[in-house]
Structure formats: C-alpha cells, structure tokens
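Colleague: Please find the sequence and the predicted model below.
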Amino acid sequence: MAQILVVDDSAAIRNEVAAFLKSNNFTVETAVDGKDGLVKLKADRAIKLVISDVNMPNMDGLTMAEKVRSELGNQTVNIIMLTTENDPNMKNRGKAAGVKGWIVKPFNGANALGAIQKLVAG
Amino acid sequence: MIGFEKQLVSKVLIFEDAAVAQGQLKAFCSEHGLIGLKQANHSAMKMLQANIDLGAVLISEGCTDSAEGISNGFELARRVHQLRRELPIFIRRDGRADLDDLAPEQRAGIAGAYDIERPETLKLLLDQYLADTEYPISLIRRIEEVTHSSLTALFRDIEVSNELPYLVKDKLTYGDILSLLPVESPWFSGYMMVQSEEQPMIELIKAGRTAIDGRAVDFRDVMGMLSEITNLAWGGLRTRLLALHPPTVDDSTRISVPITVNQYKEYISFGTDRSQLCFKYTLRDVHGQLPPVTLFQKFIFNIRWSPEEYLQADENKVEDLVESGCLELF
C-alpha cells in the first residue's frame, strides 16, 4: 500500500518526485491528473500524503483537493501542491480545501523532505 | 537595470557584391548589434532557406546570382519577398536612399533604400522595421535566468548555454516540435513558443538525462519534455512578474486572436508583424557523448504590450519571493 500519491500530468516531474521519495524509503503511487488521483485515492485508503500539481488537464489539482474532502469524504489525507503557480488567490483556495502546503516548482526534494516526513507520519 | 534594450542583436542576411560596401556593412553591423550573414558560395535562395530566424535582408541593387539566373538586386528582392514576405528588405543604392525613380513592380516587396555612404539612412530603416518593439533589459535578463534554471532543473549532466537574445521578423518554425503557451500579465499579453528537434532530445532521454524512463522513448516523451520546459519557464517568470504587478485584468475582457499554422510551409502567424523576442539555448552533454539540443524560445506579444508600466514597478519586490523548491506550510 502506498504512503504517498504523486499527481502530475508531466511524466518527467512525476518520475522525478517519485524517484526522490522512493530513495527516501517511501512507497509511492502516481496519477496523471486530478481525476486519476481521485480514483487512486479511493482505491487505496492507506495513502497518507498527496503531492499534486495544480494545472492539469481533465481535473486540476485544487478541484481534486476539494473533491477529496467533499466527495470521497477523506478528511485525513494530507495534500501539498507542487506547482509553478504562486498566486495568493490560488493558495487561499487551496487552504480552504484543506491543502497543507505549497511548493513552487522546480521540485527540490532536500528542501521539502523534513516536512514531507512529518506529514506522512502525522 | 532600468530602461529599454537599445542594442538587441538581430541576424540580417546580406547580398552584396561590392567589396568596399561589404566592408562598410561589416562595420555598420558591428556598431549596431547586427549579425551579418554574408552570401558565401551558396545560391541566394539556399542561403535564405538555411536561415529561418532573420530580422531583415540587405540587398545591393547591383547584386547578381548566376546560379539562380538573377541579374540585379531588384529581381533578387522580388524573389526573396515571394518566399519570405515578412522579412523587411533594404536595398543599397549608389548615391541615393529612395525608390522614387523605380517602377511600381520594381519597388514591390522592398521596405526601403539606403546609401551606405550615409549610414544613418540604413539606421533609420532598422529602427522603423526591425527595432519596432522595445524590450526592457531587466525583463530580458529575467527570461534568460528563469529559463536557464528551468532547463538545469529538468536535465542532468547537461550544460546550458545561450546566445544573446535577438529580434526576429521571420515566421518560420524550427525543428520538429513546438509548444505554445498564452502568457499574460497586466502589461502584456501574447504567447511563448518553444521549438526544438526530436532526435537529439530523444538521445538525451534515452541516456537517462531526464526523469523520463529511457527504455521505450518516442516523440510523445519529447513533447512531454517540451511541455514541461515551457510550463516551468513561464511559471517562474510569471511568479516574478506578478510580484511586481498583481493581476488586475478582468478575465471577461480578455481578447484573443487565432494562431494560424501552415504545416507544409512550416509557417506560423500570430496576426502581428511586431518583431519577436528570440532566445536560443543549447543543451550540451557534459561528457561530450550526446548530440547537442537546440531550443528556440520566442515571445510574441500580439495582444498587448505596454512595457512602460513594467519599468515603473519596484524591482526590489521580486527579492521577497519564496525560493522555488521550498515547502510553504499552511
């Protein structure tokens, strides 16, 4: 069972983040967009943390975060966004949806590792 | 860095038979930030085909091309204009800088005439037709810096270098693949286009220089990489620009125009003749085992361009940004 779900439409980013997490002993699942992310979350309730892009086709990351709470009724999974977006309005929308953190791309695992470990443990 | 870039480079194709004028043009190009590409052994049309990122074409009225059966500069200008109508053609004349004595069919396609003994006449044409858009220096530096760091983040063991940014009038596309992204801030609106070649990029992916699985690579992976390069570059730039100018534009007032592409002619039109701002990056394998990858990044501000507003902003605000890659916890 996966601990972390990585959601990004870019294979390069998905693979990069997943490889970093695996090298730090996390088990990882991946999804290609928000819709796929919801399916994976529904199927695997053991997922503790979602790291998701915002701008994706089919379903964006913020909508996915909102649906995780409202449609899946999953109040426990932690969600952080990994995105090129740095707009305060988007961050506020994320906060309202229960998003716990925001990383501006490019991904720098070393900078985020401590917090990721805490969110998975918590 | 406040102000506009006055010395943006541009590539100009030069068809000139007279040795004295060649020397004068060389000095002029060097003084005015032009890269003069002189006709060598190739025919004029081959030279034209080989250069797709030009700013203008300079032709002398006495220029001939026996390989193409062209007996004077006006005929050559007509042929160049037929093929690359978007390129301004400046014709060098002896002792005059006008086209007044020419028949309308001879003038067709020629933007203007200059006399190299009076270099100011050529400068006037350049200012009018090529340097028609002013680009703030700090914006140019920011684009280079952000794109450079995006490329460095996406590729491993690769050295990224870039040429001086330059102005392009050409509308021909480079390579096999291109990405287009609408770019918008309160003071500009247009597109960012990134172009590259498929095979060298495939080689990079196969060799494990990206996070993509290199075992079964195809053109889709290259498109994915180009998409991510575009996304990261614009994301980084937007973050910095919006820190200076928070968005105020109402979405309901957004204007858009169709982008048209002729795939056979490898031609793309954004509906504007404004000079495009072009950056050329080269990705080189640090181990020297893989072919280099060339990337052209062009900015086409076809809807709105008001850089004066940018120059009035407080540059120091950008320093307050959260460093990319850091996790901001809520």
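Modeller: Yep, it's here.

Colleague: From now on I want contacts and neighbour counts done on CA atoms only, so please keep to that.
Modeller: Fine.

Colleague: got the contact list for residue 53?
Modeller: In the absence of a named chain, chain A is used. A:7, A:8, A:9, A:60, A:61, A:81, A:82, A:83 (Cα atoms under 8 Å, 6 or more residues apart in numbering or on different chains).

Colleague: not quite, I wanted chain B
Modeller: Contacts for residue B:53 were tallied using Cα under 8 Å, 6+ apart; they are B:11, B:168, B:169, B:170, B:171, B:172.

Colleague: again, but for residue B:206
Modeller: Neighbouring residues of residue B:206 by Cα under 8 Å, 6+ apart: B:213, B:214, B:215, B:217.

Colleague: Most neighbours among the contacts of residue A:53, which one?
Modeller: In terms of neighbour count, residue A:7 stands highest of the contacts of residue A:53 at 33 neighbours, by other Cα atoms under 10 Å in any protein chain shown.

Colleague: I'd like the distance between it and chain B.
Modeller: Distance of residue A:7 to chain B, given as Cα to the nearest Cα, to the nearest Å: 14 Å.

Colleague: near chain A, which residues of the stretch 151-300 of chain B show up?
Modeller: Contacts of the stretch 151-300 of chain B with chain A, taken as Cα under 8 Å from any Cα of the partner chain, map to B:153-154, B:210-213, B:224-225, B:227-228, B:231-232, B:235-236, B:239.

Colleague: Swap in 7 Å and give it another go.
Modeller: Within the stretch 151-300 of chain B, the positions lying close to chain A (Cα under 7 Å from any Cα of the partner chain) are B:153, B:210, B:211, B:212, B:224, B:225, B:228, B:232, B:235, B:236, B:239.

Colleague: Okay, and which of those residues map to helices?
Modeller: B:153, B:224, B:225, B:228, B:232, B:235, B:236, B:239 (DSSP state H).

Colleague: Any chance of the residues you listed in TSV with neighbour count as columns?
Modeller: Output for those, formatted as TSV (neighbours: other Cα atoms under 10 Å in any protein chain shown):
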residue	neighbour count
B:153	17
B:224	17
B:225	24
B:228	21
B:232	25
B:235	23
B:236	24
B:239	21
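
Colleague: Most widely separated two among these?
Modeller: Within these, B:224 and B:239 form the most distant pair, 22.2 Å apart (Cα to Cα).

Colleague: thinking again about what came up before, which one of the ones in helices among the residues of the stretch 151-300 of chain B next to chain A sits closest to chain A?
Modeller: Ranked by distance to chain A (Cα to the nearest Cα), these are led by residue B:235 at 4.5 Å.

Colleague: outside of the helix or strand of chain A with the lowest mean pLDDT, which residues touch it?
Modeller: Lowest on mean pLDDT, DSSP states H and E among the helices and strands of chain A sits helix A:109-121, with a mean of 88. Helix A:109-121 is contacted from outside by A:20, A:48, A:49, A:78, B:325, B:326, B:327, using Cα atoms under 7 Å, 6 or more residues apart in numbering or on different chains.
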